[in-house]
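Asker: generate a structure from the sequence data that follows.
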Amino acid sequence: MQIIDNIPEFRREPIVVLLLGFITCGLYLIYWNLQAAKVFNAVAGREILSSVVAVFAGCIWPVNMYFFFVVGRDGLPALDERIGTPPRDQSILLMLLGFFFPMVAAMIVQSEINKLYR
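Answerer: A predicted model of the protein is given here:
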């Protein structure tokens, strides 16, 4: 794993995240949540999401909604500032997608994470 400015590299194609989420019946999302939490914590320079929340988000629906809400509220704006785009709040969208279609929410967040490595 390559580290750029203390940010671990977690580059995946968003469609791969979606497909692996479906193929593994969501088990891949536990691993994905852990890696995404590491990236967002490093980008923000503080702990936004603990690894405990990331693991339980893959198993418990309300925690999953909370995970994506925090990613949309704190993680993505920090990432936007890092890459030089205006920060935006996508917390409600990601929370709802995290409840109904968690693989799609993960795919959207992964596409945003990939912007770090361009």
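
Asker: now the strands for this protein?
Answerer: With strands called from DSSP state E, the chain shows them at 3-4, 7-8.

Asker: ok, now which ones touch the residue minimising distance to the centre of the chain?
Answerer: For the chain, the residue whose C-alpha lies nearest the mean C-alpha position (Cα atoms, centre = their mean) is residue 36; its distance is 4.4 Å. Shown in contact with residue 36 (Cβ atoms under 8 Å, 6 or more residues apart in numbering): 10, 49, 54, 71, 75, 106, 109-110, 113. Where C-beta positions appear, they are placed from N, C-alpha and C, glycine not excepted.

Asker: same list, those, but as a markdown table with pLDDT, distance to residue 62 and neighbour count please.
Answerer: A markdown table is the format used below for these (pLDDT from 0 to 100; distance: Cβ to Cβ, whole Å; neighbours: other Cβ atoms under 10 Å):
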| residue | pLDDT | distance to residue 62 | neighbour count |
| --- | --- | --- | --- |
| 10 | 93 | 25 | 21 |
| 49 | 95 | 15 | 23 |
| 54 | 95 | 14 | 23 |
| 71 | 97 | 15 | 29 |
| 75 | 96 | 18 | 27 |
| 106 | 96 | 17 | 30 |
| 109 | 97 | 18 | 28 |
| 110 | 97 | 22 | 22 |
| 113 | 96 | 24 | 25 |
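
Asker: so where's this structure uncertain?
Answerer: By pLDDT under 70, the weakly predicted segments of the chain are 1-4.

Asker: can you tell me which helix in it is longest?
Answerer: helix 27-44 (DSSP state H).

Asker: convert that helix to CSV, retaining C-alpha atoms only.
Answerer: What follows is helix 27-44, C-alpha atoms only, in CSV (Å, rounded to 0.1, in the frame of the first residue of the first chain):
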residue,chain,number,x,y,z
LEU,A,27,-19.0,-8.8,3.5
TYR,A,28,-16.6,-6.9,1.2
LEU,A,29,-18.1,-3.6,2.6
ILE,A,30,-16.8,-4.4,6.1
TYR,A,31,-13.2,-4.3,4.6
TRP,A,32,-14.1,-1.3,2.4
ASN,A,33,-15.5,0.6,5.4
LEU,A,34,-12.2,0.0,7.4
GLN,A,35,-10.1,1.2,4.5
ALA,A,36,-12.3,4.2,3.7
ALA,A,37,-12.3,5.2,7.4
LYS,A,38,-8.4,5.2,7.4
VAL,A,39,-8.4,7.5,4.3
PHE,A,40,-10.9,9.9,5.7
ASN,A,41,-9.2,10.0,9.1
ALA,A,42,-5.8,10.8,7.4
VAL,A,43,-7.3,13.4,5.1
ALA,A,44,-9.0,15.2,8.0
